[in-house]
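Output the structure for:
(3 chains)
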Amino acid sequence: MSESTFMIPLWADLLAVGLGGVQGALFASGFTGRRLDFLGVAIIGLVMGMGGGIIRDLLLNAPLATLQNNWYLITAVAASLVGMLLAGIFQRLNRVIIALDAVVIGLFGAFGTSKALALGLPPVPAVFIGVCAAAGGGILRDVIMGLPVAIMHVGSLYAVAAAVGCAVLAMMGELGVPLTAAAATAVIVTTVIRLLAVIFDISLPEQRALHRRKVAVETAAIPTIKPDPPRRFRLRPPPRRP
Amino acid sequence: MSESTFMIPLWADLLAVGLGGVQGALFASGFTGRRLDFLGVAIIGLVMGMGGGIIRDLLLNAPLATLQNNWYLITAVAASLVGMLLAGIFQRLNRVIIALDAVVIGLFGAFGTSKALALGLPPVPAVFIGVCAAAGGGILRDVIMGLPVAIMHVGSLYAVAAAVGCAVLAMMGELGVPLTAAAATAVIVTTVIRLLAVIFDISLPEQRALHRRKVAVETAAIPTIKPDPPRRFRLRPPPRRP
Amino acid sequence: MSESTFMIPLWADLLAVGLGGVQGALFASGFTGRRLDFLGVAIIGLVMGMGGGIIRDLLLNAPLATLQNNWYLITAVAASLVGMLLAGIFQRLNRVIIALDAVVIGLFGAFGTSKALALGLPPVPAVFIGVCAAAGGGILRDVIMGLPVAIMHVGSLYAVAAAVGCAVLAMMGELGVPLTAAAATAVIVTTVIRLLAVIFDISLPEQRALHRRKVAVETAAIPTIKPDPPRRFRLRPPPRRP
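I've put the predicted structure just below:
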């Protein structure tokens, strides 16, 4: 695939980074018991806004795009501090943020996959890199917070939505569809899957073995298990138990 | 050292990745309380199968070998899902898996060290990279699970076995031994040390200071300490308390 | 900026790495309940001594300087084992270690920022990389220990001191000040800020929203929160409660 990469225009990329910063600040605001300071909030914002792009470029062994100009860092830090101060307002915009986030996952996934394809990677790794670009910020956030990685647990489809979109892009690329059309399709596919998953609370099944036989690994004996990490956001509150 | 690198043939590399995937799934099966979904199991499998190679290539600032063809990702994901479904059967093959894993540590260590030497690194960093290639998957697994890194704690020699093998390889390389012979020796050394450590329950001593004086760092005041992480697998059950 | 990089002489770099190793061992000695073995202590020492440099070079997509000769690894491992054995003595040198550490933050920050500028990065990312070089070891340490990252929480200025020093360096570079003078100024600025923050217990404010409205994200419902991570060291004991 020698075509040029599908480029997100800078303003869209910065919008995505800013959105990540705001989401990071809102995430941080749920941890009031942990005495995060301004720097902590800014780090979470940075990581959610820029982490996906950094992981993508590290895996591609390419110069880090988010460090090639001043605006990514400024946007992410400013957005996270604004998000911290105006947490109350942004909470009320929750639905808008989820919808925008779904588009952002799609954009980052499509950009990551097409960048990987442009650098000569085969389709499966290209899809993998797209998913890492889309979900990497959340993974890094959980790692630096000392939480288990959220996307590994039962919850609304997030990485899966990105994976399907990226796979569509890679397949259309193999079939010779022009890159722009393929990328646009991929973004739409990811966005729609993610939104449907949030609205209808669709999730992947929990791990299961074919035989119910009690698995007796020593690891099963660990007494204390940390609680499930929070899902990111939801459009509606969970149903009340009667 | 201008000789060519000691190459693992692709089938052996994929076997190792597949074994990592199965081990990841078995590890995940010990965490039934945490609601890992299929994707979570696949991520743990990916990380245990491919993590060592990814860390190795990141440290070498080289293109990631595991992303240059489709098969690594497919193998790791397929193995982890098969491992999840057939956890009961694989549990009974525990001894086989430990033995294979010991060979795999040796192979990854030898491959990592020889790749580092071929890229011009001095012997000590080359040994370090071999150990990271051998143990990196387990480290990454613990990090994304939010667990303390298992190899840092008292347990059967794992990283140490890899380190001794890699050091043997680097020394033989310095002495002019042909690479294939040196690598084969290294694999055998690592495998034997690891198996002996598991069978006879040999471990490194716990940290200790020369003077018993109570160390009064502020860090000592941390009240809640997470439980020790599980050792990977054992050949026999721990001795019963009478 | 086509000037040559501000180079730390090798002996100073190794001194810093060794100091990191000793600090890692002292940090580990606070976790006696966790059964860290010799390897675990050495890993923490390695990570605190070399982690900042590794993160810096990964972000710069440059060959890892700490792996280009044998001495970094040898120094870090030796220092951490000596630090473990002589923990009691080093505890009494606590003030000296804090002071040296403040200089080391300044050196690593200045080196990271000037390396980034020399590789053509704009000033804001260059400052970011300096901060990562200064604080990266502590971040990696917390991640592999499964602890929340310490610098994200309320405590004496650490990353902030590095950031101010790096920003001074970048600004002086823009103004055409010779690199050596700019770097020396940056090191002094960072050291002084860090020491003043420790002595007078200055910290960034905790996160806060403009409106006190109870933030009702689902994330707020997480029941178990890990305790605040320890601050690194302090010059004087905390005031006694009467």
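
hey, let's count contacts and neighbours off CA atoms from now on
Noted.

So what does residue A:155 look like in phi/psi?
The phi/psi pair for residue A:155 (degrees, to the nearest 10) reads phi -180, psi 180.

okay, it: pLDDT?
Per-residue confidence (pLDDT) for residue A:155: 75.

what's the answer for residue A:241, then?
pLDDT, residue A:241: 45.

Same question for residue A:56.
So, for residue A:56, pLDDT stands at 94.

didn't it look like it was pressed against residue A:111?
No: judged on C-alpha atoms under 8 Å, residue A:56 makes no contact with residue A:111 at a distance of 9.8 Å.

Now do the shared contacts for those two.
Counting by C-alpha atoms under 8 Å, 6 or more residues apart in numbering or on different chains, the common neighbours of residue A:56 and residue A:111 are residue A:130.

Spatially central residue in chain A, please.
residue A:135 (2.9 Å; C-alpha atoms, centre = their mean).

Tell me who's in contact with it.
Applying C-alpha under 8 Å, 6+ apart, the residues near residue A:135 are A:52, A:105, A:158-159, A:162.

what about residue A:132, neighbour count?
If you count neighbours by other C-alpha atoms under 10 Å in any protein chain shown, residue A:132 ends up with 27.

The residue nearest to the centre of chain A and chain B: what is the separation?
To chain B, residue A:135 is 12 Å away according to C-alpha to the nearest C-alpha, to the nearest Å.

ditto for residue A:74
Applying C-alpha to the nearest C-alpha to residue A:74 and chain B gives a distance of 27 Å.

tell me which element that residue is part of?
Element membership of residue A:74 [criterion: DSSP states H and E] is helix A:71-85.

Give me the contacts around that helix.
A:14, A:17-26, A:29, A:38, A:41-46, A:49-50, A:66-67, A:90, C:124-125, C:207-211.

moving C-terminal of that helix, what's the next helix or strand?
Next element after helix A:71-85 (DSSP H and E): helix A:87-92.

That next one near chain C at all?
Yes: against chain C, helix A:87-92 shows contacts by C-alpha under 8 Å from any C-alpha of the partner chain at A:87-88, A:91.

Most neighbours of all those residues, which one?
residue A:87 (28 neighbours).

Can you list the buried residues in the longest helix seen in chain A?
Counting residues, the longest helix in chain A under DSSP state H turns out to be helix A:94-118. Neighbour counts over helix A:94-118 (16 or more other C-alpha atoms under 10 Å in any protein chain shown) mark A:94, A:97-118 as buried.

Beyond that helix, next helix or strand please.
With DSSP H and E, the next secondary element past helix A:94-118 is helix A:123-144.

how about the closest residue to residue A:68 other than its chain neighbours, phi and psi?
Nearest non-adjacent residue to residue A:68, counting by C-alpha to C-alpha, 6 or more residues apart in numbering or on different chains: residue C:121, 6.0 Å away. The phi/psi pair for residue C:121 (degrees, to the nearest 10) reads phi -80, psi 150.

Same question for residue A:60.
phi -90, psi 0.

need the contact list for it.
Counted by C-alpha under 8 Å, 6+ apart, residue A:60 has contacts A:116, B:63-64.

Let's see that with 7 Å instead.
A:116, B:63 (C-alpha atoms under 7 Å, 6 or more residues apart in numbering or on different chains).

Check the one 3 residues further on too.
Contacts were defined as C-alpha under 7 Å, 6+ apart; by that measure residue A:63 touches A:57, C:60-61.

So for residue A:168, what's the pLDDT?
96.

what's the host helix or strand of it packed up against?
If you go by DSSP H and E, residue A:168 is part of helix A:159-174. Where contact means 3 or more C-alpha pairs under 7 Å, 6 or more residues apart in numbering or on different chains; DSSP states H and E, helix A:159-174 is packed against helix A:94-118, helix A:123-144, helix A:179-200.
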